[in-house]
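1. below is the structure, and that's it, no one-letter string:
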Ligand SMILES: Nc1ncnc2c1ncn2[C@@H]1O[C@H](COP(=O)(O)OP(=O)(O)O)[C@@H](O)[C@H]1O
Ligand SMILES: [Mg+2]
């Protein structure tokens, strides 16, 4: 579904991503690991078009997407959740999902005012997926940090992306919220592909299938988590750093 070939981005003289070959299959849940500054967020910025590569290719569904703008990659089905959620505080949970839906389904705008049964059901399905179906009439401003993060995942789902990118989705969450987020991600990825950038090793153990490790903008290792944890190079650069954190 997604492949980068020789992907490089240089900021001044510094290569934040360097000659990276990386790929994700359809229906896969991929975790990206790596110490701070490894280039994980930059890689997500390149895939979504927020940052333009200096050289190399990014192929998505057989099409070159390097250099496209974020709204263009979004139209092609790449949906990204940022580290800080931007939900509408003065709207209810349900209204936030509705707004996200409307933005990406302008064709159905007329239908929306009637709120067709189909759309109501779709909003309800999303509310169930993100565990907020019993909070649908609450104002977003009153949600906990974790609930806000789920609401933003719900807003992303309303856009019906084929590839979902989550950059540190559990940052600042309690252990219980983190665990629930793992369950949520596992249920979401059943019919989509998901890339999760994550630090929290307990969380990675809960969700990970195949893990890719970056270090200093370069590919370091890839494989099942059990192998990655035994990989000497990974232990040296990542797990050691993790222990210091
Ligand atoms: N726009 C930018 N200009 C200059 N340097 C940047 C820019 N974006 C990221 N960097 C640098 O690139 C490196 C990788 O950053 P980042 O991708 O945020 O790492 P990670 O998400 O793995 O912690 C860091 O050293 C960071 O300071
Ligand atoms: Mg980052």
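-> Cool, the structure landed. Remember, it's a predicted structure, so these values are computed and weren't measured experimentally. Ligands and ions are numbered 1, 2, ... in the order given.

2. show me where this structure has strands.
-> Residue ranges of the strands in the chain, as given by DSSP state E, are 2-11, 14-24, 29-33, 55-60, 63-64, 78-81, 163-167, 193-197, 210-215, 218-224.

3. looking at the residue in the chain that ligand 2 sits nearest to now. What's its pLDDT?
-> Nearest residue of the chain to ligand 2: residue 41, at 3.2 Å (C-beta to the ion). Backbone N, C-alpha and C define where each C-beta goes, glycine included. If you check residue 41, the pLDDT there is 96.

4. okay if I get the strands of the chain as a markdown table plus mean neighbour count, mean pLDDT and distance to ligand 2?
-> As requested, the strands of the chain are exported to a markdown table (neighbours: other C-beta atoms under 10 Å; pLDDT from 0 to 100; distance: least, C-beta to the ion, whole Å):
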| stretch | mean neighbour count | mean pLDDT | distance to ligand 2 |
| --- | --- | --- | --- |
| strand 2-11 | 18 | 98 | 14 |
| strand 14-24 | 18 | 97 | 11 |
| strand 29-33 | 23 | 96 | 9 |
| strand 55-60 | 17 | 98 | 18 |
| strand 63-64 | 10 | 98 | 25 |
| strand 78-81 | 23 | 91 | 13 |
| strand 163-167 | 23 | 95 | 6 |
| strand 193-197 | 23 | 95 | 6 |
| strand 210-215 | 22 | 96 | 10 |
| strand 218-224 | 16 | 97 | 16 |
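
5. quickly note the distance from residue 207 to ligand 1.
-> The gap separating residue 207 from ligand 1 is 18 Å, by C-beta to the nearest ligand atom, to the nearest Å.

6. pretty sure that residue sits against residue 188.
-> No - under the criterion of C-beta atoms under 8 Å, residue 207 is not in contact with residue 188, lying 10.6 Å apart.

7. okay, now the residue of the chain closest to ligand 2: neighbour count?
-> Residues lying near residue 41 (other C-beta atoms under 10 Å) number 18.

8. what's across from the residue nearest to it when sequence neighbours are not counted in the sheet?
-> Distances taken as C-beta to C-beta, 6 or more residues apart in numbering place residue 167 nearest to residue 41, at 5.8 Å, with adjacent residues excluded. Following DSSP bridges, residue 167 is listed with bridge partners residue 197.

9. which residues in the protein form helices?
-> For the chain, helices defined by DSSP state H occupy the ranges 40-48, 70-75, 93-104, 109-114, 117-129, 145-158, 175-188, 201-207, 225-230, 232-234, 240-244.

10. figure out which of the ones you listed is closest to residue 213.
-> Among these, helix 232-234 comes nearest to residue 213, with 5.3 Å by C-beta to C-beta.

11. can you list the buried residues in the closest one?
-> Buried residues in helix 232-234, counted by 16 or more other C-beta atoms under 10 Å: residue 234.

12. quick one, what contacts residue 177?
-> Contact analysis of residue 177 by C-beta atoms under 8 Å, 6 or more residues apart in numbering lists 144-146, 149, 170.
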